[in-house]
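S.K.: 3D model of this:
(one chain, ligands or ions: 1)
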Amino acid sequence: MTYSELMADGVRQLTDAGFPEARTDVRVLLFHACGLDFMSFLRDGELQVPAEQERRFAEMLSRRMEHVPVQYITGEQDFCGLSFSVQPGVLIPRPETELLAEAVFTDAKGKRVLDMCTGSGCIAVTVAKLGAPAFTAASDYSEEALCVAKKNAELLNADVTFFQGDLFENVEGAYDIIVSNPPYIKSKVIEELMPEVKEFEPRMALDGTADGLLFYRRITAEAKRYLTPGGRLMFEIGHDQGDEVAGLLAAEGYGSVEVKKDYAGLDRMVFAVWPGDNKEN
Ligand code: GLN
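M.R.: Alright, predicted model coming up:
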């Protein structure tokens, strides 16, 4: 078969099986399996595919048919223009989270930044690479996630210090910015998510307990001991959590609480400033 025929055949299989993004999925998998890019595909589309490449593509396509996310098959996801390694033990970085990373790296120059619940390390590594911070740290509970995050920091040549523990358990130092995209989905809602997410992404990275707010509650309370006076706490949130998370921050004594929207016009981030209460510090 030729590359074009293989592409058409793959798109037909995924379309027939009801995959909404069949064309994009097949293109990414075919290019990955055959070492192609868009230009080489246009040039070589009518050439015969070597047997080894065809076998590799067939294997990837069959995993996709089982709803394995494309990024776990290729092992990578682009985030803020950087290529991150991903595997089933870490959440796949989402485009919405790029907005949060951008809000942090545009404000990070010369500052000390902590990324809480770092997962693949996408936020911490991006901030370290693009924000010129004085110091970047990242923490996660999962050893497996930290392994991937460390690998990403190394591959992308980013200077990040890692802590393993239950939120701040092993975190050292004071920070001007604490950023977090914590697990925030209500436990019950996870069952309604697409199979790619509920069957393949780590539940630990998704589940925010019954009301989805456990980690916001804990981080909001615990971060006070690690924020410098005037330091910022910057969260990603679910689209329906703006009021609740803003309320938590205000109740804990944070100021300048703002809810920010994503490009779809949905509430997606909450930022707040820790005024530096001596009783807490
Ligand atoms: N910080 C990582 C991300 O934004 C992981 C988040 C998580 O595991 N909940 O992708």
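
S.K.: so what's whichever residue of the chain sits closest to the ligand up against?
M.R.: Nearest residue of the chain to the ligand, counting by CB to the nearest ligand atom: residue 119, 2.4 Å away. Backbone N, C-alpha and C define where each C-beta goes, glycine included. By CB atoms under 8 Å, 6 or more residues apart in numbering, residue 119 lies in contact with 90, 91, 93, 140, 142, 145, 148, 149, 181, 205.

S.K.: taking the residues you listed one by one, which sit in helices?
M.R.: Taking DSSP state H, the ones among the contacts of residue 119 that sit in helices are 145, 148, 149.

S.K.: which residues in the stretch 1-150 of the chain form strands?
M.R.: Remark: strands assigned in the stretch 1-150 of the chain by DSSP state E, counting those that start in this stretch are 76-79, 82-85, 112-116, 135-140.

S.K.: now those strands in a markdown table, with distance to residue 268, mean pLDDT and mean neighbour count?
M.R.: Formatted as a markdown table, these follow (distance: least, CB to CB, whole Å; pLDDT from 0 to 100; neighbours: other CB atoms under 10 Å):
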| stretch | distance to residue 268 | mean pLDDT | mean neighbour count |
| --- | --- | --- | --- |
| strand 76-79 | 16 | 97 | 19 |
| strand 82-85 | 20 | 98 | 19 |
| strand 112-116 | 17 | 98 | 27 |
| strand 135-140 | 21 | 98 | 25 |
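
S.K.: Mind pulling the model confidence for the residue of the chain closest to the ligand?
M.R.: Predicted confidence (pLDDT) for residue 119: 97.

S.K.: for residue 4, same thing?
M.R.: 97.

S.K.: Pop out the phi and psi values for the residue nearest to it when sequence neighbours are not counted.
M.R.: Spatial nearest neighbour of residue 4, excluding adjacent residues (CB to CB, 6 or more residues apart in numbering): residue 45 at 4.2 Å. In terms of degrees, to the nearest 10, the main-chain angles of residue 45 are phi -50, psi -30.

S.K.: looking at the ones in helices among the contacts of residue 119, which has the most residues close by?
M.R.: residue 149 (29 neighbours; other CB atoms under 10 Å).

S.K.: Contact residues of the stretch 51-200 of the chain facing the ligand?
M.R.: Counting by CB under 6 Å from any ligand atom, the residues of the stretch 51-200 of the chain close to the ligand are 91, 93, 97, 117, 118, 119, 120, 122, 123, 181, 182, 183.

S.K.: Tell me who's in contact with the first one.
M.R.: Applying CB under 8 Å, 6+ apart, one finds that residue 91 lies in contact with 119, 120, 201, 202, 205, 206.

S.K.: now do 6 Å
M.R.: Residue 91 sits next to 119, 201, 205 when contact means CB atoms under 6 Å, 6 or more residues apart in numbering.

S.K.: Show me the contact partners of stretch 34-41.
M.R.: By CB under 6 Å, 6+ apart, stretch 34-41 touches residue 53.

S.K.: swap in stretch 267-277?
M.R.: 96, 100, 227, 229, 231-237, 239, 242, 245-246, 249, 253-262.

S.K.: try 8 Å this time
M.R.: Contacts of stretch 267-277 (CB under 8 Å, 6+ apart): 96, 99-100, 103, 223-224, 227-237, 239-242, 245-246, 249-250, 253-262.

S.K.: Now do the contacts for residue 185.
M.R.: Contacts of residue 185 (CB under 8 Å, 6+ apart): 193, 206, 207, 208, 212, 238.

S.K.: got it, and residue 104?
M.R.: 113, 123, 127, 131, 177, 179, 234.

S.K.: same question, residue 130
M.R.: Neighbours of residue 130 in contact, by CB under 8 Å, 6+ apart: 80, 105.

S.K.: Which per-residue confidence value corresponds to the residue nearest to the spatial centre of the chain?
M.R.: A centroid search over the chain (CA atoms, centre = their mean) returns residue 93, at 2.5 Å, as the residue closest to the centre. pLDDT, residue 93: 98.

S.K.: going forward, begin numbering at 177 instead of 1
M.R.: With the count now opening at 177, the last piece we talked about shows up as residue 269.

S.K.: Report the contact partners of it.
M.R.: Here residue 269 is in contact with 253, 255, 260, 262, 295, 296, 298 (CB under 8 Å, 6+ apart).

S.K.: didn't the third one look like it was pressed against residue 252?
M.R.: Yes: proximity of residue 260 to residue 252 meets the contact threshold set by CB atoms under 8 Å, at 6.5 Å.
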